[in-house]
Every structure is written in structure tokens, then in C-alpha cells.
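Asks: here is my input, please return the structure:
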Amino acid sequence: MYFRKVDGRKPWVLNVLMNQNSNECISMIVKNLKRENVTIKKEFEKKRMIMENEVNKDAIKVMKIESVLLTIDEYEDKLTKEVSPSTAKHLIALYNKAVEYYSALNDDRHMEYLMKL
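Replies: Numbers count the residues shown, from 1 in each chain. The predicted structure is shown next:
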């Protein structure tokens, strides 16, 4: 959702990620914002379906998990110094890769990255 410009400033962006009752929540937010004469523009991120053969043990083994873990460390360090939405989004994507990798191998380390999400 984007909000109207005020005094020439950039519009404020609200990213909402939720699993349950998302349509009801978004509808309520939009209704209340419209009541306050706020301009709304809804955008939805389209994600492709993940094929089962992309997350089985054989497919996962080719993933360079060491590289992913090193990058996670770098971004976690970067996040402690300066918080930015792009760093956080990238870190979330890396956590998801680590969860996929370790859960496909039935490794309990997937819980560590799941909890970080």
C-alpha cells in the first residue's frame, strides 16, 4: 500500500505479510485509510509455485549452503550496524534457503533459521 504525498515528501510504504485472515485485515486497513482520505494503491507480490523436485534431497545437495551461511553472517552483521528494509528482505530470503536446505535433509538446524524468521 502506498500513502499519499504530504508536503512533497515521498509516499509512505506499508508492507503487510500475514497468513490468516489476510483479506479481512487488508480490507479493514483500506476502509479506515479511505475514511481518512488516504490514497491507496494495492500491490501483490506474485510468487511461483515451488516444484517438489526443487526441494528434494538430491536437488538441495547441489545448493552451496556454506555460501548461504556466510552471506547470512554478513547480512546479520550489516543489520546490527544499520537497519534497512532491503537488508532485512535479503536476510529473510537467505533464512528461507537455509530452512529449505536443512529441512530437506531432515537436519534439526532448520529450526534455528525458522526461529530467526
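
Asks: so which elements touch the helix or strand where residue 67 lies?
Replies: Residue 67 is part of helix 65-81 when elements are defined by DSSP states H and E. Under the contact criterion of 3 or more CB pairs under 8 Å, 6 or more residues apart in numbering; DSSP states H and E, helix 65-81 touches helix 85-104. C-beta: built from backbone N, CA, C; applies to glycine.

Asks: report the angle between the helix it packs on and helix 65-81.
Replies: Counting by axes from the mean of the first three to the mean of the last three CA atoms, to 10 degrees, helix 85-104 lies at 140 degrees to helix 65-81.

Asks: pLDDT weak spots in the protein?
Replies: Applying pLDDT under 70 to the chain flags the ranges 1-20, 22, 41-62.

Asks: 90 - rerun?
Replies: 1-69, 78-117 (pLDDT under 90).

Asks: domain-wise, how is it divided?
Replies: Per the record, the chain has its domains at 1-46, 52-116, by automatic domain parsing.

Asks: render the CA-only coordinates of the helix holding residue 67 in PDB, please.
Replies: Extracted in PDB, the C-alpha atoms of helix 65-81 (Å, rounded to 0.1, in the frame of the first residue of the first chain):
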ATOM      1  CA  ILE A  65      25.000 -24.000   1.900                       C
ATOM      2  CA  GLU A  66      28.400 -22.700   3.100                       C
ATOM      3  CA  SER A  67      28.000 -19.700   0.800                       C
ATOM      4  CA  VAL A  68      24.400 -19.100   2.000                       C
ATOM      5  CA  LEU A  69      25.600 -19.300   5.700                       C
ATOM      6  CA  LEU A  70      28.500 -16.900   5.000                       C
ATOM      7  CA  THR A  71      26.100 -14.400   3.400                       C
ATOM      8  CA  ILE A  72      23.700 -14.800   6.300                       C
ATOM      9  CA  ASP A  73      26.500 -13.900   8.700                       C
ATOM     10  CA  GLU A  74      27.400 -10.800   6.600                       C
ATOM     11  CA  TYR A  75      23.800  -9.600   6.500                       C
ATOM     12  CA  GLU A  76      23.200 -10.200  10.200                       C
ATOM     13  CA  ASP A  77      26.300  -8.100  10.900                       C
ATOM     14  CA  LYS A  78      25.200  -5.400   8.500                       C
ATOM     15  CA  LEU A  79      21.800  -5.400  10.200                       C
ATOM     16  CA  THR A  80      23.300  -4.800  13.600                       C
ATOM     17  CA  LYS A  81      25.100  -1.700  12.200                       C
END
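
Asks: that concludes my questions; thank you for your assistance.
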